[in-house]
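> Sharing a sequence plus its predicted fold:
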Amino acid sequence: MRLSIIAVGAASLAGHALAQADTVSYTDAETGITFQSYTDSDTNVSWRVALPEDTTGDYDALLQIEGPASLGWIGWAWAGTMAYNPLTVVWANDNEVIHSSRMAYGFYTPSVYNGTTYQVLKGTGVSGGNFKFTALCKGCTAWKDYDGNRQTLDLVEPARLAFALSHTAVNTPSDSSSGFDIHDYVGHWYADLAASKSADFGTWVAKNTPTGANGTAWRRGRPNRARGLMPEI
């Protein structure tokens, strides 16, 4: 679903009343996790999410991003817009997958954001020309907007989420805090988050946590050195 910046902005004005979910149920063979999954047909990139059955208070999310390893980077905006919400950015670096927690505070390259942490799970790697990132995220489901008000994912109506990606590699692929250039492809999808909830959430996390993983598996970004200009998603 390729959308121009203007089209994406206009779509947001339509409201959730007209929104229909773009996601389908997808069970990842490698991890056994059942996600709500959206695939962009033009780029063959998929964004997937699974939530716990109990979503009261602060809760975690399981996410998976899969796409061609030739892409420079792939991003996920959890509130469906560029600024003032958690951004998950991933890319392949040879045979490893790099992830970066970001937030944009204007129309500039997003800064490293310390409000989310990711525990990388099994089902992450590079193979056959594609790469896949699977993780448990703390902080992806709630954030503060421009006015400092707490915002959360919409679990009633299909939630508007956004993506961006680039065919240009980041400046330093081995560095999670690397700068990167403007995206060259952007769009959004509506996720059926109610359908993504599962009583198996905790079992999936335990089953796919790498042996020996502990607190050090939770990764935040380092100080950001990005300076590029980036438009609204």
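Cool, got the structure. Numbering: from 1, shown residues only.
> Nearest residue to L87 in space, please, no chain neighbours.
R102 (4.1 Å; Cβ to Cβ, 6 or more residues apart in numbering). Every C-beta, even on glycine, is put in place using the N, C-alpha and C of the backbone.
> partner residues bridging that neighbour?
For R102, the beta-bridge partners are L87, V112 (DSSP bridges).
> I'd say it and G115 touch.
No: with contact defined as Cβ atoms under 8 Å, R102 does not reach G115; the gap is 10.3 Å.
> which ones are touching the most centrally placed residue in the chain?
Nearest to the mean C-alpha position of the chain, by Cα atoms, centre = their mean, lies W76 at 3.5 Å. In this structure, W76 makes contact with W47, L63, I65, L87, T88, V89, L161, A162, F163, judged by Cβ atoms under 8 Å, 6 or more residues apart in numbering.
> what's the closest non-adjacent residue to it?
Using Cβ to Cβ, 6+ apart, the nearest residue to W76 is T88, at 4.3 Å.
> So what's the predicted local confidence for that neighbour?
pLDDT recorded at T88 is 99.
> For the protein, which segments count as helices?
5-13, 193-196, 201-208 (DSSP state H).
> Flag whichever of those helices has the least confidence on average.
helix 5-13 (a mean of 40).
> remind me which residues of the chain are low pLDDT?
The chain contains residues with pLDDT under 70 at 1-18, 212-233.
> before we move on, back to that, near the residue nearest to L87, how many other residues are there?
22 (other Cβ atoms under 10 Å).
> who's in contact with it?
G75, P86, L87, T88, V89, P110, S111, V112, Y113, G221, N224.
> quick one: the fourth one from A29, how far?
It stands for T88. 22 Å (Cβ to Cβ, to the nearest Å).
> The two: which is more packed in?
T88 (25 against 8).
> my read: that one touches L63, true?
Yes: in this structure, T88 is within contact of L63 by Cβ under 8 Å, at 6.7 Å.
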